[in-house]
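1. take a look and give me a structure for this.
(one chain, ligands or ions: 2)
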Amino acid sequence: MQTRIVTLKQPVISTEVQKKILNLNKRRQVGILGGTFNPPHLGHLIMADQVMQQLELEKVLFMPDNQPPHVDEKKTIPGKDRKEMVSRAIMDNPNFELETIELQRGGISYTYDTIKALKQRHPDTDYYFIIGGDMVAYLPKWHKIDELLKLVHFVGVRRRNFAVHSNYPIIWVDSPLVDISSSAIRKRVKNQQSIHYLVPDDVAAYIYEKGLYLEGK
Ligand SMILES: Nc1ncnc2c1ncn2[C@@H]1O[C@H](COP(=O)(O)OP(=O)(O)OP(=O)(O)O)[C@@H](O)[C@H]1O
Ligand SMILES: O=C(O)c1ccc[n+]([C@@H]2O[C@H](COP(=O)([O-])O)[C@@H](O)[C@H]2O)c1
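-> Numbering: from 1, shown residues only. Ligands and ions are numbered 1, 2, ... in the order given. Predicted coordinates for the structure are as follows:
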């Protein structure tokens, strides 16, 4: 009797399927830039982009707060205007997304409450909370900071030649120094000075259409 040699075909898995299997086991790495965004400006976009590139994050969520948790509560404009300006500011970048969880929740926007809720919704995601280097010094005053540090990575955007020390495990990222702030934009609008190139054109158009920042600080 003749022996038949049967060659078993190797199962072929396409590259696409291999990538899908790898991604299933991978945790998602997502940045969050929380702020009042009154209004959003080029400084916010540059810092988010630098962090996303340097830490190889999948995307950055731009998250307007409802009521900033500072003791000296900042006066701000309605959430719907800040939300609209953030949408306009990020619309040309597919890796930037608007996150409205704090506006929807209302009340004081404690980051601990927010991250806890986001992690319940997306247990497969590691979050990187991005803050300006100057804010790092205030972290000890944040609500439930010790618990918060267990839930999220903090990313400090370092200003060149500006050494900042913290006892917390901050991931430091270098970014070009961009001397733009929302308060400076508000002041310029009030004084009828140009904000061209300081905020995206569509954000400037919204500010002028709605007559924002003509009064107050
Ligand atoms: N030009 C900038 N360079 C680095 N970080 C910035 C810059 N502008 C804002 N940030 C950081 O972005 C986050 C959100 O900032 P926010 O929306 O309060 O804007 P802001 O310009 O700091 O506002 P304001 O001038 O009203 O205080 C904060 O962590 C802040 O430190
Ligand atoms: O949770 C806190 O105690 C806390 C204290 C200060 C700031 N934050 C958050 O940090 C982000 C930047 O704050 P701000 O005031 O610079 O726009 C914003 O998302 C705030 O909700 C959070």
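2. how close does residue 156 sit to residue 168?
-> Applying C-beta to C-beta, to the nearest Å, the value for residue 156 to residue 168 is 9 Å. Bear in mind the C-beta positions are built from the backbone N, C-alpha and C, glycine included.
3. anything in contact with each of those two?
-> residue 136 (C-beta atoms under 8 Å, 6 or more residues apart in numbering).
4. hey, which helix or strand in the protein has the poorest pLDDT?
-> helix 15-25 (a mean of 60; mean pLDDT, DSSP states H and E).
5. tell me the secondary structure for residue 147?
-> Under DSSP: H, G, I helix; E, B strand; the rest coil, the three-state class of residue 147 is helix.
6. just give me the neighbour total for the nearest residue to it once chain neighbours are set aside.
-> Of all residues not flanking residue 147 in the chain, residue 112 sits nearest, at 6.1 Å (C-beta to C-beta, 6 or more residues apart in numbering). For residue 112, the neighbour count with other C-beta atoms under 10 Å is 18.
7. the residue positioned nearest the centre of the chain sits in which helix or strand?
-> Among the residues of the chain, residue 33 comes closest to the average C-alpha position under C-alpha atoms, centre = their mean, at 2.1 Å. In the assignment (DSSP states H and E), residue 33 maps to strand 28-35.
8. any idea how far the closest residue to ligand 2 within the chain is from residue 214?
-> When distances are taken as C-beta to the nearest ligand atom, the chain reaches nearest to ligand 2 at residue 34, 2.2 Å away. Separation of residue 34 from residue 214 (C-beta to C-beta): 27 Å.
9. which one of the two is surrounded by more residues?
-> residue 34 (20 against 12).
10. correct me, but that one touches residue 127?
-> No - checked against C-beta atoms under 8 Å, the pair residue 34 and residue 127 is beyond contact range at 10.6 Å.
11. quick one, what contacts the residue nearest to the centre of the chain?
-> 44, 47, 48, 60, 61, 62, 63, 130.
12. please name the bridge partners of it.
-> Going by DSSP bridges, residue 33 is paired in beta bridges with residue 62, residue 130.
13. and residue 157, by the same measure?
-> Assessed by DSSP bridges, residue 157 has beta-bridge partners residue 132, residue 173.
14. quick one: it and residue 130 touch, right?
-> Yes - if you go by C-beta under 8 Å, residue 157 and residue 130 touch, sitting 6.5 Å apart.
15. relative to the whole chain's centre, how far out is the strand holding residue 33?
-> For strand 28-35, the separation from the chain centroid amounts to 4 Å (computed by C-alpha atoms, centre = their mean, to the nearest Å).
16. buried residues, that strand. List them.
-> Buried residues in strand 28-35, counting neighbours by 16 or more other C-beta atoms under 10 Å, are found at 29, 30, 31, 32, 33, 34, 35.
17. any idea which helix or strand comes after it?
-> Under the assignment DSSP H and E, the closest C-terminal helix or strand after strand 28-35 is helix 42-54.
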